[in-house]
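Undergrad: need a structure here:
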Amino acid sequence: MKNLKTIALAITLFASLGSFAQKTKKTAEAKAITKGTVSYEMELPDNEEAAAMGNSIIKVCFDGTNQATEIVMMGGMMNIKTIAPVNSPKDTRMLMNMMGKKFELINLPEEQLTNTPGANLSNLENAISITYDKKDVKEIAGYKCHKAEIKMEDGSTNVFYVTELIAQAQNASPNSKVKLEGFPMEMTITTPQGKTIVKATEFKTEVATDAFQVPNDYKKVTQEQLQEEMGGM
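TA: As a prediction, the model looks like this:
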């Protein structure tokens with residue numbers, strides 16, 4: 001498939017966004033928002049093919065029990081979504097809508113759902129330390145955020161801007177050495193594929209009633225069957 005590498009990278013990134021590890025300070029817990037919908041724009045400035053297709057939109061919905069993470073690419077021609085119970089990541093559902101062809105991936109290995117290559121970008125499995133700078137502040141989508149620099153095992157540094165006004169149930173890898181304090185509203189992530197910039201554009205305290213439901217018109221397929229179905233693209 002012509003855009004297979006771009007699609008694979010997007011899946012990896014959006015899967016990682018579905019595993020935020022939040023630890024809100026007790027002093028802020030009473031005020032922190034625990035339910036909502038955040039919309040992000042994702043830019044891949046080092047990927048010419050992706051840049052030519054324009055920025056992708058990511059939407060994350062959470063209510064304390066479930067989290068749905070959706071990415072819309074190619075001007076809406078491609079839509080990928082995961083629906084994950086917070087306390088049972090092995091029951092994650094993955095949906096793909098490619099140019100009107102709708103699929104639900106089944107029989108995915110548990111390690112692919114909970115430890116997708118690259119998923120450490122936000123659950124911090126390969127992070128060794130986090131340094132916060134509360135003097136470096138910016139407002140993002142109406143929320144005051146401060147800087148968090150995350151050192152990774154491979155020597156790279158990811159830069160997040162987080163807010164303590166939004167909380168989310170923990171869904172982190174047990175192998176994570178560090179936990180992120182605050183909800184990420186902007187992320188600049190460095191990977192072997194290049195730099196990825198993800199920035200929140202809107203946050204709402206509402207969640208759509210069908211956010212965690214799988215529509216009836218999605219065909220259940222394995223990864224192998226999906227490759228056969230999409231082989232002509």
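Undergrad: drop to CA atoms for contacts and neighbour counts, all remaining ones
TA: Will do.
Undergrad: Mind jotting down where the helices sit in this structure?
TA: For the chain, applying DSSP state H gives helices covering 4-17, 26-29, 48-52, 110-114, 120-123, 223-229.
Undergrad: Direction included, what does the lengthiest strand in the chain pair up with?
TA: Taking DSSP state E as the criterion, the chain has its longest strand at strand 127-140. Applying DSSP bridges, strand 127-140 is found paired with strand 143-152 (antiparallel).
Undergrad: Now tell me what touches the strand it pairs with from outside.
TA: With Cα atoms under 8 Å, 6 or more residues apart in numbering as the test, strand 143-152 has contacts from 126-139, 157-165, 185.
Undergrad: again, only this time at 6 Å
TA: With contact meaning Cα atoms under 6 Å, 6 or more residues apart in numbering, strand 143-152 is reached by 126-134, 136-139, 157-163.
Undergrad: can you give me the strands in the protein?
TA: For the chain, applying DSSP E gives strands covering 36-43, 56-62, 66-73, 78-85, 93-98, 101-105, 127-140, 143-152, 157-163, 183-191, 194-204, 219-221.
Undergrad: Format the ones you listed as TSV; extra columns: mean neighbour count and distance to residue 210.
TA: What follows is those, written out as TSV (neighbours: other Cα atoms under 10 Å; distance: least, Cα to Cα, whole Å):
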stretch	mean neighbour count	distance to residue 210
strand 36-43	21	13
strand 56-62	24	11
strand 66-73	23	10
strand 78-85	22	11
strand 93-98	20	14
strand 101-105	19	16
strand 127-140	15	27
strand 143-152	20	26
strand 157-163	23	27
strand 183-191	21	24
strand 194-204	17	16
strand 219-221	15	18
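Undergrad: ok, now how distant is residue 162 from residue 72?
TA: Residue 162 sits 23 Å away from residue 72, going by Cα to Cα, to the nearest Å.
Undergrad: same question, residue 190
TA: Relative to residue 72, residue 190 is positioned 21 Å away (Cα to Cα).
Undergrad: circling back to that earlier point, reformat the strands of the chain as CSV; add distance to residue 227 and mean pLDDT.
TA: Output for the strands of the chain, formatted as CSV (distance: least, Cα to Cα, whole Å; pLDDT from 0 to 100):
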stretch, distance to residue 227, mean pLDDT
strand 36-43, 25, 91
strand 56-62, 23, 89
strand 66-73, 19, 88
strand 78-85, 15, 87
strand 93-98, 12, 89
strand 101-105, 11, 91
strand 127-140, 33, 95
strand 143-152, 33, 94
strand 157-163, 33, 93
strand 183-191, 26, 88
strand 194-204, 26, 91
strand 219-221, 10, 92
